[in-house]
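A.B. asks: sequence and predicted structure below; questions after.
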Amino acid sequence: MTQTHPSPTTEAAALAAAGAGAQRYDLGSALIAAGDDATVVLVEPGDRPGLDGVQDAGTVLLTGAPVDGLHTRFVHPAERPIHVYARLDGACLPLGAAIAARTESAAPAISHVRLQFEQPLGRALLDLVRPVPAPGPTPAVDWVDEVEAQPLRALEAFALGWFPAEQPPAEEPELGPVPPALAAFHRLARRRPALLRFGNPVLKRPRRASGPLGGRLVFAEWLGGGMDWSVPWPPEGPAKADPRVWHTEDPYGEPESEVEAEPLSRFLLQFTLYEAVNSAPYQAWALSAPNERVAPLLRMLRPVPLGPYLPAYGAVRFHVAPGLIARVTGDEQEAVVTFGALHRAVLTPLSAHGFEWHRFDG
């Protein structure tokens with residue numbers, strides 16, 4: 001079925017929909033008309049993730065220097081309807097009505113607004129107003145060949161390809177005695193500082209603690225400290241050069257610990273892959289994907305030969321392709337699949353697999 005686009009109109013006609021007494025405001029690249037009848041938002045087309053403009057089929061971002069006088073227009077529920085248009089080829093294309101999903105900055109100023117379309121844009125219309133650019137360079141995935149024999153070398157190759165180079169921090173923290181794999185991770189983080197900026201971070205300074213399994217060195221936290229990862233400390237036994245990893249819940253209350261599937265060197269690669277998806281600029285989430293649809297897709301990707309990550313929380317497995325990471329959990333019937341990509345165009349082909357997407361940045 002051929003999908004038809006809404007009929008374009010002139011900018012003057014679009015702004016007139018705001019009604020009498022309309023005041024005009026500039027917020028970033030958007031023009032906003034606030035009148036007696038409605039609030040009209042005109043956005044520029046383009047692909048600007050996290051900045052202003054159409055972000056996906058359901059979302060528009062407005063960002064810019066703070067503007068006074070707009071706060072009551074972008075609260076939920078708004079006192080007047082919000083209509084969104086995109087400037088395109090000298091005309092304005094109506095995209096539909098929207099509601100303010102989130103407004104940031106103190107009244108009466110506005111500097112950041114997230115609008116949610118009442119009806120999501122169709123794929124053809126989305127590609128028109130937010131065209132998918134050609135992908136940039138994508139890192140190779142031959143590091144997968146190193147995982148079993150040289151996991152730290154694999155981690156280094158992955159991190160150097162996935163995360164951008166930055167100026168290293170001026171000061172190098174004093175780690176103190178740590179296992180060799182953790183020292184190697186921190187050396188790598190000097191070259192790729194993003195490794196220490198995850199939402200669930202590896203700690204810049206590991207700390208000593210105790211737990212159900214004995215003395216430990218905590219090197220990473222999750223959920224603001226509600227869980228953590230550690231290694232036995234002082235080092236113990238024949239595996240002390242590459243120690244086992246303990247995952248501890250409620251470490252400040254009634255701690256419960258279990259042993260992760262992989263030793264520290266391979267666990268750090270799992271940890272980095274997991275957080276790389278969380279921090280990827282483009283993501284796609286299929287929360288209940290039938291296995292018969294997932295299997296053909298995964299055959300197109302390379303499995304990373306690691307044991308299950310977070311075995312108590314779904315036992316995550318990883319698959320990769322250039323510029324793409326897939327995290328997969330599930331049962332015999334369906335899977336939860338989360339993708340992280342470096343470029344929007346890497347995600348776009350996934351739309352052909354017919355998943356019900358909870359989020360799709362492609």
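C.D. replies: Yep, it's here.

A.B. asks: tell me which element Val67 is part of?
C.D. replies: Using DSSP states H and E, Val67 sits within strand 59-68.

A.B. asks: same for that strand, what does it pack against?
C.D. replies: In terms of contacts (3 or more CB pairs under 8 Å, 6 or more residues apart in numbering; DSSP states H and E), strand 59-68 is packed against strand 23-27, strand 30-34, strand 39-43, strand 53-56, strand 91-104, strand 109-117. Any C-beta I mention is one placed from the backbone N, CA and C, and that applies to glycine too.

A.B. asks: can I get those in a markdown table including mean pLDDT?
C.D. replies: Listed next are the helices and strands packed on strand 59-68 as a markdown table, based on pLDDT from 0 to 100:
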| stretch | mean pLDDT |
| --- | --- |
| strand 23-27 | 94 |
| strand 30-34 | 95 |
| strand 39-43 | 96 |
| strand 53-56 | 91 |
| strand 91-104 | 88 |
| strand 109-117 | 89 |
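
A.B. asks: out of these, deepest packed?
C.D. replies: Counting by mean count of other CB atoms under 10 Å, strand 39-43 has the highest mean neighbour count of the helices and strands packed on strand 59-68, with a mean of 25.

A.B. asks: Ala170 and Thr338: what is the separation?
C.D. replies: When CB to CB, to the nearest Å is the yardstick, Ala170 and Thr338 sit 35 Å from each other.

A.B. asks: coming back round to it: of the helices and strands packed on strand 59-68, which is nearest Glu146?
C.D. replies: When the helices and strands packed on strand 59-68 are ranked by distance to Glu146, counting by CB to CB, first place goes to strand 53-56 at 35.5 Å.

A.B. asks: export the helices and strands packed on strand 59-68 as TSV, with columns for distance to Pro131.
C.D. replies: Shown next, in TSV, are those (distance: least, CB to CB, whole Å):
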stretch	distance to Pro131
strand 23-27	22
strand 30-34	18
strand 39-43	14
strand 53-56	10
strand 91-104	13
strand 109-117	18
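
A.B. asks: between those strands, which gets nearest to Val320?
C.D. replies: Per CB to CB, nearest to Val320 of the helices and strands packed on strand 59-68: strand 53-56, 23.5 Å.
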